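Asks: Please find the sequence and the predicted model below.
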Amino acid sequence: MLFQKEPLVAIVGGGIAGLAAAWFLQHARISYVLLEENDYLGGLIQTSYVDGMTIEFGADGFITRKTEASDLVKQLGLQEELITLNETDERIYILSDGKLHPLPEGLQLLVPTRIWPFIKSKLLSRKGKFSVLLDIFAKSKVSADDESLASFVRRKFGDEMLKKLAEPLLAGVYNADSEKLIILATFPQYRELKEENGSLIRGMRSKTKNKKLEFNAKSQLISFKGGMSTLIDGLREKLDGNIILNASVVQIQNNGDYMKVKTSSGDECF
Ligand SMILES: Cc1cc2nc3c(=O)[nH]c(=O)nc-3n(C[C@H](O)[C@H](O)[C@H](O)COP(=O)(O)OP(=O)(O)OC[C@H]3O[C@@H](n4cnc5c(N)ncnc54)[C@H](O)[C@@H]3O)c2cc1C
């Protein structure tokens, strides 16, 4: 494939990141070509409908605390399609040692804000709970250089908290290895709490008391009546640039006057 002068930007991949990039380029009036190796868009976001049920293969919602997705929804005019979490059963359970354990009441994004329910919970061992609660006495407000989510949780709360709660609850959101997720890029609010208060537990308790931050899961996670594909379809409908499916990119060259995109099919002109 050979593009003379335009488009100026090649986007590799038609998942939500690629589609959102195309949307912002379109707004900035910058030409683009989006190349996707599959014969469909959406990447990890795929919704299917079986026997009246909506089934998600990947993401089943997004959080409102980070406003980019909500802003995109507004720009696409999809607000009417939004739904909040089902209110019939809001409890989250963790499978550990063959048993289902409800999350301790008052747990706000990993941080226990109610001490007694946390102590009573059987999810963590006594030693594990002790390591977490020691944070109450933490004083240092100094942060280390940026570090992984795993390193941060291990340092603040211990290894058991990392394995039993942080990995399923936090790394699960990104479906990624907690050793590779960078804390400042994924959960910067922990660092803010630590830098303001020294202790995450004391910080979170005072934040929730003052209702300065809404860490309540119910208000954070939203989706669409028709599933997350609504977002992909909404974007697809509004994008008027060049979108090419079945194009697995193996090389891109900027040759000054033109851009050369080589795909795995190889037969397209290079
Ligand atoms: C089971 C599961 C549950 C999840 N739940 C949530 C959730 O509830 N909330 C949430 O916010 N996130 C969730 N996530 C994470 C979220 O789905 C992803 O972070 C997000 O969809 C990633 O989008 P992306 O565009 O970066 O990547 P992808 O969706 O992976 O898209 C990348 C695209 O690039 C294409 N591609 C790759 N290489 C090439 C190439 N060489 N040439 C052309 N095309 C190429 C791929 O085919 C793909 O379509 C979940 C993920 C999974 C797997």
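Replies: Received, thanks.

Asks: D135 and the ligand: what is the separation?
Replies: Remark: distance between D135 and the ligand (CB to the nearest ligand atom, to the nearest Å) = 27 Å. (Glycine included, C-beta is placed from N, CA and C.)

Asks: In a strand, that residue, correct?
Replies: No. Assigned with DSSP: H, G, I helix; E, B strand; the rest coil, D135 falls outside any strand and is helix.

Asks: Enumerate every residue touching it.
Replies: Taking CB atoms under 8 Å, 6 or more residues apart in numbering, we find D135 in contact with K156, F157, S199, L200, I201.

Asks: what's the burial count for E192?
Replies: For E192, the count of nearby residues is 14 (other CB atoms under 10 Å).

Asks: that older thread, farthest-separated two in the contacts of D135?
Replies: Across the contacts of D135, no pair lies farther apart than F157 and S199, at 11.2 Å, counting by CB to CB.

Asks: Who has more neighbours out of the two?
Replies: Neighbour totals were compared for F157 and S199, and F157 leads with 25 against 22 (other CB under 10 Å).

Asks: Contact partners for that one?
Replies: Residues near F157 by CB under 8 Å, 6+ apart: L110, S131, V132, D135, A166, L200.

Asks: try K156
Replies: By CB under 8 Å, 6+ apart, K156 lies in contact with D135, A138, Y190, K194, L200.

Asks: Distance-wise, check the first one relative to D51.
Replies: In this case it means D135. Computed as CB to CB, to the nearest Å, the D135 to D51 distance reads 47 Å.

Asks: Could you do the third one as well?
Replies: Taking CB to CB as the measure, Y190 falls 41 Å from D51.

Asks: Neighbour count for the two, which is higher?
Replies: Applying other CB under 10 Å to Y190 and D51 shows that Y190 carries more neighbours, namely 23 against 5.

Asks: doesn't F152 make contact with that one?
Replies: Yes. The criterion here is CB atoms under 8 Å, and Y190 meets it with F152 at 6.5 Å.

Asks: if I look at the two, which residues touch both of them?
Replies: In terms of CB under 8 Å, 6+ apart, Y190 and F152 are both contacted by the residues I183.

Asks: So for the strand or helix carrying E195, mean pLDDT?
Replies: Per DSSP states H and E: E195 is located in helix 188-197. Averaged over helix 188-197, pLDDT sits at 79.

Asks: Please identify the buried residues of it?
Replies: Q189, Y190, R191, L193, K194, N197 (16 or more other CB atoms under 10 Å).

Asks: which stretches of the stretch 51-200 of the chain form helices?
Replies: Assigned by DSSP state H, counting those that start in this stretch, the stretch 51-200 of the chain shows helices spanning 67-75, 115-120, 126-133, 149-157, 159-161, 172-174, 183-186, 188-197, 200-210.

Asks: average pLDDT for stretch 63-82?
Replies: pLDDT averaged over stretch 63-82 gives 92.

Asks: Can you mark which positions in that stretch are buried?
Replies: T64, A69, S70, L72, V73, L76, L78, E81.

Asks: ok, how many other residues are close to the residue nearest to L19 when sequence neighbours are not counted?
Replies: Using CB to CB, 6 or more residues apart in numbering and skipping the chain neighbours, the partner closest in space to L19 is L235 (4.4 Å). L235 has 23 neighbours, counted by other CB under 10 Å.

Asks: what pLDDT does E147 get?
Replies: 87.

Asks: Ignore what I typed, I meant L123.
Replies: At L123, pLDDT is 92.
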